[in-house]
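Novice: Requesting a structural model of the entry that follows:
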Amino acid sequence: MECERIMSEGKDVWKKAVQAVKKAGILPIQPSDTFAEILKQYLTEDEAEFIGKAYKMKTSQTMEELIKTTKGMTEEAITEMCDNLAAKGFVFNMPSSSGFMVYRLMPIIVIGVFEYTFMRPKSDDPADQERLEKLAGLYKTLMSEYRDYVQSSYDGAVALFRNAPMTDRTVPIYNTEDGKEIKIDQAVGEDVGEQVMIAKNVEDIINKFDDISVGNCFCRSYQKILGHDCEINAPMEVCFTFGKSARYVAKQGFARAVSKEEALEILKKTDEAGLVHKAFHNKNELKEMENSICNCCPDCCDTFTFWKTGAAPIINYSSYLANVIQDGCTGCGICETKCPMGAQKVTDGKASVNEELCIGCGVCAHFCPENTISLIEKPRTVFLPPARLNQ
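Specialist: Numbering: from 1, shown residues only. As a prediction, this is how the structure comes out:
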């Protein structure tokens with residue numbers, strides 16, 4: 001298959017770099033000429049050689065380990081190399097709160113080089129615009145190859161996905177469009193059991209952190225470059241990062257540092273637009289701290305489009321399930337229109353929820369003009385395999 005073809009002979013340095021970057025990500029993206037061409041858009045040959053050598057076995061290393069794996073590069077040379085790679089989004093090089101430094105190789109996506117590239121403020125430089133157009137096109141090709149790979153071995157891919165950790169968790173909107181609190185219920189006769197203590201709304205997450213940055217939505221940004229304007233005209237600068245990640249993206253110019261007050265004002269705009277709050281945790285573990293929040297629209301965002309087009313599953317932790325209070329429902333259809341998952345349907349003048357599809361985002365309840373949609377507390381991981389294109 002095309003996606004299994006790796007460069008021509010004599011390009012071993014790029015092959016090794018591709019293999020190393022591939023291992024850094026959670027998506028099983030296959031090495032390909034497209035993957036190599038993407039790296040060539042970012043890296044010098046020396047940088048590619050460093051990545052292939054230094055990160056051949058481990059994608060996170062201390063300085064002492066890097067000196068050994070590079071077979072004698074000096075600390076000064078490694079620091080300079082990693083600083084250059086950090087500016088391109090390939091190496092995360094921020095110390096922990098205790099001052100401990102680990103140099104972590106970043107993946108192409110989720111969360112990595114492409115997100116950082118397209119989170120940046122728009123440039124008016126024609127050369128930059130031309131480069132971004134090329135990268136957006138290469139990214140589209142890479143993900144088309146990835147979809148073809150998933151579809152060609154669908155059953156095996158789905159089995160692999162089922163064993164993967166959650167990608168993110170949905171943090172619901174808690175207020176209706178007119179400012180009232182959405183009703184929260186516990187499932188009747190159901191014990192939700194012992195839960196990991198997690199922040200249940202985005203305000204609480206924002207208030208945890210002193211370091212907050214915001215950048216452009218990666219998905220809407222690259223889609224716009226490819227000529228697609230968001231159908232719901234969602235705001236662009238809505239991508240939050242926190243803590244070490246916030247310091248990193250601000251230092252490298254991928255995003256800008258903001259106060260808690262400004263972050264909360266931006267959050268209001270995302271609620272007004274009906275965007276889905278999706279939190280990412282360190283190590284993809286609920287017990288770990290949040291590091292970022294995407295505010296996703298169903299029209300542009302990869303989370304939804306890759307699932308619908310057969311490229312990737314949805315593996316999402318959710319604490320809630322939407323519930324339509326039938327007596328008050330007028331069957332207006334707004335919830336059906338607004339639901340990013342297609343979980344709400346109006347039949348015989350009443351709305352109902354497909355529980356298998358619902359991720360508990362609260363968007364339907366936010367826009368319901370009759371305030372007849374509540375959220376039922378139901379912690380669970382929602383797993384939805386990618387669409388199967390060739391039945």
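Novice: per-residue confidence at G99?
Specialist: Looking at G99, its pLDDT reads 82.
Novice: distance of it from E145?
Specialist: Note on G99: its distance to E145, by CB to CB, to the nearest Å, is 41 Å. Using the backbone N, CA and C atoms, a C-beta is placed for each residue, glycine as well.
Novice: the more surrounded of these two?
Specialist: Per other CB atoms under 10 Å, whichever of G99 and E145 has more neighbours is E145, with 21 against 6.
Novice: Please spell out which residues along the helix or strand containing that one are buried.
Specialist: According to DSSP states H and E, E145 maps onto helix 126-152. Applying a neighbour-count criterion of 16 or more other CB atoms under 10 Å, one finds 132, 135-136, 138-139, 141-143, 145-151 buried in helix 126-152.
Novice: Over to stretch 262-275?
Specialist: Quick answer for stretch 262-275 (16+ other CB under 10 Å): A263, I266, L267, T270, D271, A273, G274, L275.
Novice: May I ask you to confirm that the fourth one is in contact with I293?
Specialist: Meaning T270. No: with contact defined as CB atoms under 8 Å, T270 does not reach I293; the gap is 9.2 Å.
Novice: after the helix or strand encompassing K268, next one along is what?
Specialist: For K268, the host element (DSSP H and E) is helix 260-273. For helix 260-273, the following helix or strand on the C-terminal side (DSSP H and E) is strand 276-281.
Novice: which residues are in contact with the helix or strand just after that following strand?
Specialist: Once the chain leaves strand 276-281, the next helix or strand it forms, by DSSP H and E, is strand 290-296. By CB atoms under 8 Å, 6 or more residues apart in numbering, the residues outside strand 290-296 that reach it are 111, 168, 171, 199, 202, 205, 208, 217, 219, 234, 238-245, 270, 275-282, 301, 303-304, 340.
Novice: tell me the mean pLDDT over strand 290-296?
Specialist: 97.
Novice: Using PDB, write out every CA atom in that strand.
Specialist: Extracted in PDB, the C-alpha atoms of strand 290-296 (Å, rounded to 0.1, in the frame of the first residue of the first chain):
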ATOM      1  CA  GLU A 290      -5.400  18.700  32.900                       C
ATOM      2  CA  ASN A 291      -3.000  20.200  30.400                       C
ATOM      3  CA  SER A 292      -5.300  21.700  27.800                       C
ATOM      4  CA  ILE A 293      -8.900  22.200  26.700                       C
ATOM      5  CA  CYS A 294     -10.100  22.100  23.100                       C
ATOM      6  CA  ASN A 295     -13.400  23.900  22.300                       C
ATOM      7  CA  CYS A 296     -14.700  21.900  19.400                       C
END
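Novice: tell me the angle it makes with helix 260-273.
Specialist: Per axes from the mean of the first three to the mean of the last three CA atoms, to 10 degrees, the angle that strand 290-296 makes with helix 260-273 is 30 degrees.
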